[in-house]
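> Got a predicted structure here, sequence first:
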Amino acid sequence: MKQILEVNDLKVAYGAIQAIKGIDLKVGEGEMVALIGANGAGKTTTLKTLAGLLKPSAGQITFDGKAHAAIKGHDLIRAGLALVPEGRGIFPKLTVHENLEMGAFSRRDGKEAILADIERMYATFPRLKERAYQLAGTMSGGEQQMLAISRALMGRPKLLLLDEPSMGLAPIIVQKIFETIREVVKGGVTLLLVEQNARLALQTCDRAYVIDGGRISLEGCAKTLLDDDQVKKAYLGE
Ligand SMILES: Nc1ncnc2c1ncn2[C@@H]1O[C@H](COP(=O)(O)OP(=O)(O)OP(=O)(O)O)[C@@H](O)[C@H]1O
Ligand SMILES: [Mg+2]
């Protein structure tokens, strides 16, 4: 399997606080990989670093065969990396439609292809179509999450980084969003998913990493981890 992402001995610090203490992880093309862990374990820090928002203090990241450090800022998006941040990060004062257009800013394949993709997002989430000209900040949490994912997909990413997509949402909306995430992966996008809801993440993904205090404490097939006593006790409330 071709690796789309390889992380070696990654360390990230906030000033004197070492949040990530040397982690290794790999994501193969087409895989769904989960990163689970308790509050403060370092999940968001890891995703932000992968998205180029934080600079590692040590280690290497290889994305799609290239040294991540050599790709600057917005070029990471153009290279195929998209982050849907914790708290969604949509533009509240822009309409749904404008948010989707913004998601395509790095593309150079023309207006028609972009509009066709916006229509595909509307077909996936009819709720967004109904609300195309509503200000994004006035939408419900679930609608905003649908928009955040759709906006990220508008950049035609190879690797989608999702930070807590289920946060604060009703179970039925979570189900809908996870169904869509699975379809997106079937359509050829690779997924690295961060979730507090460890059960859902492990049920959704192929493989998983458990992060604890800035280190990877366990890794393996998601199904196997669902049956792991340590995981059950610490993360599944069993
Ligand atoms: N801007 C910051 N400045 C200083 N420390 C930070 C900053 N952001 C995060 N940290 C610290 O880094 C550690 C990892 O935080 P991070 O946000 O990555 O955790 P997380 O696993 O995403 O947690 P959660 O499940 O609560 O979202 C925590 O100890 C946190 O307090
Ligand atoms: Mg977080």
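Happy to help now that I have it. Ligands and ions are numbered 1, 2, ... in the order given.

> I'd assumed Asn8 was in contact with Lys26.
No - Lys26 is not in contact with Asn8 according to Cβ atoms under 8 Å; the separation is 9.3 Å. In short, each C-beta sits where N, CA and C put it, glycine included.

> More neighbours: the two, which one.
Set side by side, Lys26 and Asn8 show more neighbours around Lys26, with 17 against 14, by other Cβ atoms under 10 Å.

> Tell me the first helix or strand C-terminal of the strand or helix carrying that one.
Using DSSP states H and E, Lys26 maps to strand 17-28. Once the chain leaves strand 17-28, the next helix or strand it forms, by DSSP H and E, is strand 32-36.

> Note down every partner strand of that following strand and its orientation.
strand 190-195 (parallel), strand 207-212 (parallel) (DSSP bridges).

> any chance of those strands in a markdown table, plus mean pLDDT?
Output for those, formatted as a markdown table (pLDDT from 0 to 100):
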| stretch | mean pLDDT |
| --- | --- |
| strand 190-195 | 97 |
| strand 207-212 | 97 |
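
> roughly how far apart are Gly87 and ligand 2?
According to Cβ to the ion, to the nearest Å, Gly87 and ligand 2 sit 9 Å apart.

> Offset the numbering so it begins at 326, please.
With the count now opening at 326, the last piece we talked about shows up as Gly412.

> burial of that residue, as a residue count?
For Gly412, the count of nearby residues is 14 (other Cβ under 10 Å).

> what residues are up against it?
Met492 (Cβ atoms under 8 Å, 6 or more residues apart in numbering).

> With respect to ligand 2, which of the strands paired with strand 357-361 lies nearest?
strand 515-520 (6.6 Å; Cβ to the ion).

> relative to strand 342-353, how tilted is that closest one?
Orientation of strand 515-520 against strand 342-353 (axes from the mean of the first three to the mean of the last three Cα atoms, to 10 degrees) gives an angle of 140 degrees.

> these two touch, right, Gly367 and Gly347?
No - applying Cβ under 8 Å, one finds Gly367 not in contact with Gly347, separated by 10.9 Å.

> Can you work out which residues contact both of these two?
Gly539.

> which of the two has more neighbours?
Gly367 (24 against 15).

> now the more buried one: how far from ligand 1?
When distance is defined by Cβ to the nearest ligand atom, to the nearest Å, Gly367 is 4 Å away from ligand 1.

> Now the phi/psi pair for the residue nearest to that residue when sequence neighbours are not counted, please.
Excluding its sequence neighbours, the residue lying closest to Gly367 (Cβ to Cβ, 6 or more residues apart in numbering) is Gly539, at 4.5 Å. Here is the backbone geometry of Gly539 (degrees, to the nearest 10): phi 80, psi 10.

> Contact partners for Gly539?
Contact partners of Gly539, counting by Cβ under 8 Å, 6+ apart, are 343-348, 366-367, 370.

> cutoff 10 Å now
Applying Cβ atoms under 10 Å, 6 or more residues apart in numbering to Gly539 gives the contacts 335-338, 342-348, 362, 365-367, 370-371.
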